[in-house]
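Student: coords please:
(chains A and B)
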2 protein chains.
Amino acid sequence: MVQVLNHSSNEAPLSERMQRKNEARRLDILRAAARVFRRLGLSATGMREIAEEADLSPGNLYYYFSGKDEILLFCQERTLVRLLASVEEARTASGSCSGRLRAVMSAHVRCMLDELEGATAHLEVEVLPEAMRKGVIQKRDAYERAVRGLVAEGIERGEFARTDPALVTRAMLGAVNWTARWYRPEGPRSVAEIADSLSDYLVRGLVPTK
Amino acid sequence: MVQVLNHSSNEAPLSERMQRKNEARRLDILRAAARVFRRLGLSATGMREIAEEADLSPGNLYYYFSGKDEILLFCQERTLVRLLASVEEARTASGSCSGRLRAVMSAHVRCMLDELEGATAHLEVEVLPEAMRKGVIQKRDAYERAVRGLVAEGIERGEFARTDPALVTRAMLGAVNWTARWYRPEGPRSVAEIADSLSDYLVRGLVPTK
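Tutor: Numbering: from 1, shown residues only, chains lettered A, B, ... in the order given. As a prediction, this is how the structure comes out:
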């Protein structure tokens, strides 16, 4: 699960209702931060700009997040938990490897282009301080491993052509992660259309031609 | 052509021999800068670190480049000129669209993983100051347009399946650009192998299945 890393974690446990309220507030802040990151760029954004966008006093913002890094961590963790859930669902589902892999890639695109996480989720984990990276990298590696497992399963079953699963997995992930760089909400195609077409194309490249 | 933007551009033209020497020195500096960027990250790298790595005094470095931004610009320009040359060659070549597109993607991978340009070429153009971006963005757009043109030609000829050329072009470019993020020279596969397998996979996704 996502580790909640705010100040209250050192204090007495909050009531469930308070925790839910707390979490909702953190999500509001994340949305505000994503908007500022998109507008000003990551390095030019400070806690002051985020507080302003979230309509909070700086002191109030610091109650929810100890700094910009913690906001980024929260964002990356949320994204990865969502991606891991989708690949786990595909792993245990029945049906063709093509169909299951298409579902994972399509969910990944939707996750990247989601208003909430899109702007920051694709940022390099390298911007996080050393101590915060470990959990993110572990989850990211677990996700990549699971996708690669689906590709390998398809090859073993003869459903996919014989290729290097590690390489095509990285190609697929590169293509879907890259969407966050070029997607514009005002563009001609919806997120759902992009997710469908892109996952079709990426899985088609695995199928033997003839 | 690459615009040479160093101090000497305001002065009397250099002799041809001096210009060649100057260019070679700038390439040495670019290589040194790429090594430091890779080691320290872009934002933590200053002109002082680059001078040290290039074995130059800071004053001497400033003779060749007015700042970090100019080094980045030089790197991006060089990469784009190389990419544009390869797509232009493919555009005017004879042969199948598959083969020509495979050649472009393969050249793109080699360009990304090249020791010289790899570390910095994939950096967001957004790190450059406004005034420097224009030329880079124009070249980047021209390259993307030319790749899209090859895809569209393949669809028209019935060699590729009917898809959205803009979307699959971005998927392909995302996959090849992403290699700079995960490639490690000490990894199990050579740049040539990666370039071949990846371009095979990416073009296979365009071919109608059945």
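Student: C-alpha from now on. contacts and neighbour counts both.
Tutor: OK.
Student: A:K21 sits in which helix or strand?
Tutor: Using DSSP states H and E, A:K21 maps to helix A:16-40.
Student: tell me what the helix or strand following that helix is packed against?
Tutor: For helix A:16-40, the following helix or strand on the C-terminal side (DSSP H and E) is helix A:47-53. Counting contacts by 3 or more CA pairs under 8 Å, 6 or more residues apart in numbering or on different chains; DSSP states H and E, helix A:47-53 is packed against helix A:16-40, helix A:58-64.
Student: on that earlier part again, give me the distance from the helix holding A:K21 to the chain's centre.
Tutor: With CA atoms, centre = their mean, to the nearest Å as the basis, helix A:16-40 stands 16 Å off its chain's centre.
Student: anything in it near chain B?
Tutor: No. Using CA under 8 Å from any CA of the partner chain, we find that helix A:16-40 stays clear of chain B, coming within 10.3 Å at best.
Student: which of the helices and strands packed on helix A:47-53 sits most buried?
Tutor: Burial of those is given as mean neighbour count (mean count of other CA atoms under 10 Å in any protein chain shown); helix A:16-40 ranks first at a mean of 16.
Student: returning to that earlier point: name the helices or strands packed onto the helix holding A:K21?
Tutor: Counting contacts by 3+ CA pairs under 8 Å, 6+ apart, helix A:16-40 is packed against helix A:47-53, helix A:58-64, helix A:68-92, helix A:118-121.
Student: follow-up on the earlier one: same list, the helices and strands packed on helix A:47-53, but as CSV with mean pLDDT please.
Tutor: Below are the helices and strands packed on helix A:47-53 laid out as CSV (pLDDT from 0 to 100):
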stretch, mean pLDDT
helix A:16-40, 87
helix A:58-64, 94
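Student: how about a markdown table for the ones you listed, with distance to B:V81 added?
Tutor: Converted to a markdown table, those look like this (distance: least, CA to CA, whole Å):
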| stretch | distance to B:V81 |
| --- | --- |
| helix A:16-40 | 29 |
| helix A:58-64 | 46 |
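Student: and B:V207, which of those is closest to it?
Tutor: Closest approach to B:V207 among these (CA to CA): helix A:16-40, 36.2 Å.
Student: Please pull up the helix or strand immediately following the longest helix along chain A.
Tutor: Among the segments of chain A that qualify as a helix by DSSP state H, the longest is helix A:130-156. Where DSSP H and E defines the elements, the next helix or strand beyond helix A:130-156 is helix A:165-182.
Student: what sits up against that next one?
Tutor: With CA atoms under 8 Å, 6 or more residues apart in numbering or on different chains as the contact definition, helix A:165-182 has outside contacts at A:105, A:108-109, A:112-113, A:118-119, A:122, A:144, A:147-148, A:151-152, A:198, A:202, B:170-179, B:194, B:197-198, B:201.
Student: Which SSE is immediately downstream of that helix?
Tutor: Following helix A:165-182 in sequence order, the next helix or strand is helix A:191-204 (DSSP H and E).
Student: now for that next one, which elements pack on it?
Tutor: Using 3+ CA pairs under 8 Å, 6+ apart, the elements in contact with helix A:191-204 are helix A:97-113, helix B:165-182.
Student: pLDDT averaged over that helix, what's the number?
Tutor: What helix A:191-204 shows for mean pLDDT is 96.
Student: Check stretch A:159-168 too.
Tutor: Averaging pLDDT along stretch A:159-168 gives 95.
Student: Check chain A for the residue nearest chain B and tell me.
Tutor: As assessed by CA to the nearest CA, chain B sits closest to A:G205 within chain A, at 3.5 Å.
Student: residues in contact with that residue?
Tutor: With contact taken as CA under 8 Å, 6+ apart, A:G205 is in contact with B:Y201, B:L202, B:V203, B:R204, B:G205, B:L206.
Student: let's go with 7 Å and repeat that
Tutor: Counting by CA atoms under 7 Å, 6 or more residues apart in numbering or on different chains, A:G205 touches B:Y201, B:L202, B:R204, B:G205.
Student: what's the burial count for the first one?
Tutor: By the criterion of other CA atoms under 10 Å in any protein chain shown, B:Y201 has 24 neighbours.
Student: if I look at it, how far off is B:I29?
Tutor: Separation of B:Y201 from B:I29 (CA to CA, to the nearest Å) stands at 36 Å.
Student: what's the burial count for A:G174?
Tutor: Neighbour number of A:G174 under other CA under 10 Å is 22.
Student: Look up the pLDDT of it for me, please.
Tutor: Looking at A:G174, its pLDDT reads 94.
Student: tell me which residues in stretch A:83-96 are buried?
Tutor: Across stretch A:83-96, burial judged by 16 or more other CA atoms under 10 Å in any protein chain shown covers A:L83, A:L84, A:S86, A:V87, A:A90, A:R91.
Student: Setting aside sequence neighbours, what's the nearest residue to the first one?
Tutor: With sequence-adjacent residues excluded and distances taken as CA to CA, 6 or more residues apart in numbering or on different chains, A:L83 is closest to A:H108, at 6.4 Å.
Student: ok, that neighbour touching A:V81?
Tutor: No. With contact defined as CA atoms under 7 Å, A:H108 does not reach A:V81; the gap is 11.4 Å.
Student: Mind putting the contacts of A:G205 into CSV with distance to A:A131?
Tutor: Output for those, formatted as CSV (distance: CA to CA, whole Å):
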residue, distance to A:A131
B:Y201, 37
B:L202, 37
B:R204, 41
B:G205, 40
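Student: Looking at the record's assignment, how would you partition chain A?
Tutor: By the assignment in automatic domain parsing, chain A contains the domains A:1-65, A:69-210.
Student: follow-up on the earlier one: how big is the angle separating the longest helix of chain A from helix A:165-182?
Tutor: Calculated by axes from the mean of the first three to the mean of the last three CA atoms, to 10 degrees, helix A:130-156 forms an angle of 120 degrees with helix A:165-182.
Student: near chain B, anything from helix A:130-156?
Tutor: No. Legend: contact between helix A:130-156 and chain B by CA under 7 Å from any CA of the partner chain is lacking; minimum distance shown is 11.9 Å.
Student: Give me the helices and strands touching that helix, please.
Tutor: helix A:68-92, helix A:97-113, helix A:165-182 (3 or more CA pairs under 7 Å, 6 or more residues apart in numbering or on different chains; DSSP states H and E).
Student: ok, and for that helix, which residues are buried?
Tutor: Applying 16+ other CA under 10 Å to helix A:130-156 flags A:132, A:136-137, A:139-140, A:143-155 as buried.
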